[in-house]
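K.L.:
Quick one: sequence plus predicted model below, questions after.
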Amino acid sequence: MSTTFGRVADTSRRALRLLSLLATRRRWPLGELADRLEVSERTVRRDIETLRLLDYPVLTLRGPAGGYCLGAGHTLQPLLFDDAQAMAVAVALQTAPNTVFGLGEDTARALEALEQVMPARLRAAVEGLRLTRLPNYWEFPAPPIDAAALQIAGSAVHRREVLIVETLGADGNRPIPGTAGFTPAHRFEPHHLVVWAARWYLVGYHRTETAWRVLRLDRLHLHPPTGIRFAPGEVPGGDIARFVMTTHDRGDTPAAWEYTGSARLNLAAGTVARWAPGGSVVEYLDPEHCRLTLGAWSWAGIAGLLATFDSEISEVEPGELVDACRRLVRRWRAVTGDSDVPGTPVDRSGERPAGASARGRYPGAAGPAPATSCRTGDRSRAGSPGAAAVDQDSRAACNSALANLTI
């Protein structure tokens, strides 16, 4: 008797595992299912018939690329997740950023419903995994967007349908015709729906401007779908991530920092837009210059961020930021021990000073480093083989910053 119950239990577990696999892909070859379940192909066919008897629409796909799939209209309960899938959903529901209006309570209810149908051992693991999300002060999410707008945009991208959109003002309202900031409604071909830095962007082709654009979804009023189809296209350069990050006019607005300043940089707007911190705004001036407006916790913080671009800086505003630049010049001069600050030659092909270390946050470098990292090294390592090289790199970086910030 116990042997019979054991076989039934094994069959039931295997059928649930098979159903979970069928739900994850549109087509499964018979051989792959057998390998994943570690049984024979004959056993897989028998389990598929068991699922069909339970009214699950498992379809057979004919031809060389045939196999099996789960038909449309089926309903899967969360308990059909395997252990790894259930844990992944539980973690995702707790860590998802609140970028869509009104979904906070829905995610909490979804997590509660998932826990109720979990096996006891898994429920205990999930209940013990309570996360606390802390804000990232360098990430400035947009106001949550309406779920209906997200559905319209996502459906238009999927179906390749032209949208009629209007640009909203900074206050979220539609400007009155004839007033500042008003732009007529226009037709837009949405190719991609992108989430970056907790903001939703619609990437596509602007028919009126005959150009590719990146638009903040929370700054758009979307009209009902037009039903007009468009042909798929590729963003300039073919890299959607790079295109979004290097687009300077994507509708971003300055973040609410206690201190905010701006400066003219001798760099292209696209380069600065790629590396500018969150909550900053890049204004195009000409192909080789732009104005960067950004904020920080202090005037010296803004000056230090400007120095990371390793570019000549001018037209710095306001006066308090100019004073902060002078203070940093004095501090870095003390670090280098130089009374005069010669200009550091810049290797534009590498986007950083010739001979300088990639530790600093130059466009294209490995990552950010605070201005205080310009130091003469650890004295305990002064005799080590790499000490002189580290000091030379740091000195070069400080000299470059001095040359650029001397105002």
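P.N.:
Good, I have the coordinates. Numbers count the residues shown, from 1 in each chain.
K.L.:
CA only for contacts and neighbour counts going forward, please
P.N.:
OK.
K.L.:
Tell me which other helices or strands the helix or strand hosting Leu306 touches.
P.N.:
Assigned by DSSP states H and E, Leu306 belongs to helix 299-307. With contacts defined as 3 or more CA pairs under 8 Å, 6 or more residues apart in numbering; DSSP states H and E, helix 299-307 has these neighbours: strand 259-265, strand 289-296, helix 319-336, helix 387-405.
K.L.:
Tell me how far Thr247 lies from Pro119.
P.N.:
The gap separating Thr247 from Pro119 is 48 Å, by CA to CA, to the nearest Å.
K.L.:
what do you get for Leu306?
P.N.:
Relative to Pro119, Leu306 is positioned 54 Å away (criterion: CA to CA).
K.L.:
can you check Tyr259 too?
P.N.:
Taking CA to CA, one finds Tyr259 at 52 Å from Pro119.
K.L.:
Between these two, which is the more surrounded one?
P.N.:
Tyr259 (16 against 11; other CA atoms under 10 Å).
K.L.:
which residues does the more buried one contact?
P.N.:
Gly295, Ala296, Trp297, Ser298, Trp299 (CA atoms under 8 Å, 6 or more residues apart in numbering).
K.L.:
Over to Gly154?
P.N.:
By CA under 8 Å, 6+ apart, the residues touching Gly154 are Leu193.
K.L.:
In a helix, Glu315, correct?
P.N.:
No. Per DSSP: H, G, I helix; E, B strand; the rest coil, Glu315 lies outside any helix segment and is strand.
K.L.:
right, and it touches Asn266 too?
P.N.:
No. Contact criterion CA atoms under 8 Å: Glu315 and Asn266 do not qualify, at 11.2 Å.
K.L.:
what about these two, which has more around it?
P.N.:
Asn266 (20 against 12).
K.L.:
Please name the nearest non-neighbouring residue to Leu122.
P.N.:
Asp83 (6.9 Å; CA to CA, 6 or more residues apart in numbering).
K.L.:
Around that neighbour, count how many other residues there are.
P.N.:
Neighbours around Asp83, by other CA under 10 Å: 14.
K.L.:
And Leu93, by the same measure?
P.N.:
17.
K.L.:
cool, and Ser155?
P.N.:
By other CA under 10 Å, 15 other residues sit near Ser155.
K.L.:
Spell out the secondary structure type for it.
P.N.:
Here Ser155 is helix, with the state taken from three-state DSSP.
K.L.:
How much space separates it from Arg109?
P.N.:
Per CA to CA, Ser155 is found 25 Å from Arg109.
K.L.:
same check, this time on Glu166
P.N.:
Glu166 is 34 Å from Arg109, where distance means CA to CA.
K.L.:
Which one's more surrounded, the two?
P.N.:
Glu166 (20 against 13).
K.L.:
isn't that one right up against Gly181?
P.N.:
No. Between Glu166 and Gly181 there is no contact under CA under 8 Å: 11.1 Å.
K.L.:
tell me what the helix or strand harbouring Arg274 is packed against?
P.N.:
Per DSSP H and E, Arg274 falls inside helix 269-275. Applying 3+ CA pairs under 8 Å, 6+ apart, one finds that helix 269-275 contacts helix 240-245, strand 281-286, strand 289-296.
K.L.:
could the ones you listed be laid out in CSV, adding mean neighbour count and distance to Ala255?
P.N.:
Output for the helices and strands packed on helix 269-275, formatted as CSV (neighbours: other CA atoms under 10 Å; distance: least, CA to CA, whole Å):
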stretch, mean neighbour count, distance to Ala255
helix 240-245, 16, 17
strand 281-286, 19, 9
strand 289-296, 22, 7
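K.L.:
can you list the ones you listed in TSV and add distance to Ser311 and mean pLDDT?
P.N.:
As requested, the helices and strands packed on helix 269-275 are exported to TSV (distance: least, CA to CA, whole Å; pLDDT from 0 to 100):
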stretch	distance to Ser311	mean pLDDT
helix 240-245	19	92
strand 281-286	15	94
strand 289-296	10	94
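K.L.:
Now tabulate the ones you listed in a markdown table and tack on distance to Arg25.
P.N.:
A markdown table is the format used below for these (distance: least, CA to CA, whole Å):
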| stretch | distance to Arg25 |
| --- | --- |
| helix 240-245 | 25 |
| strand 281-286 | 42 |
| strand 289-296 | 45 |
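K.L.:
Of all the ones you listed, which one is nearest Arg14?
P.N.:
Smallest distance to Arg14 across the helices and strands packed on helix 269-275 (CA to CA): 40.7 Å, for helix 240-245.
K.L.:
My guess is the residue nearest to Leu122 contacts Arg121. True?
P.N.:
No. Using CA under 8 Å, Asp83 is not in contact with Arg121; the gap is 9.6 Å.
K.L.:
Let me see the ranges of the strands in the protein.
P.N.:
Assigned by DSSP state E, the chain shows strands spanning 58-61, 67-70, 163-167, 186-196, 199-206, 211-216, 220-222, 259-265, 281-286, 289-296, 313-317, 346-347, 352-353.
K.L.:
Make a markdown table from those and add distance to Arg13 to it.
P.N.:
Shown next, in a markdown table, are the strands of the chain (distance: least, CA to CA, whole Å):
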| stretch | distance to Arg13 |
| --- | --- |
| strand 58-61 | 17 |
| strand 67-70 | 18 |
| strand 163-167 | 47 |
| strand 186-196 | 38 |
| strand 199-206 | 41 |
| strand 211-216 | 46 |
| strand 220-222 | 47 |
| strand 259-265 | 60 |
| strand 281-286 | 55 |
| strand 289-296 | 56 |
| strand 313-317 | 66 |
| strand 346-347 | 63 |
| strand 352-353 | 59 |
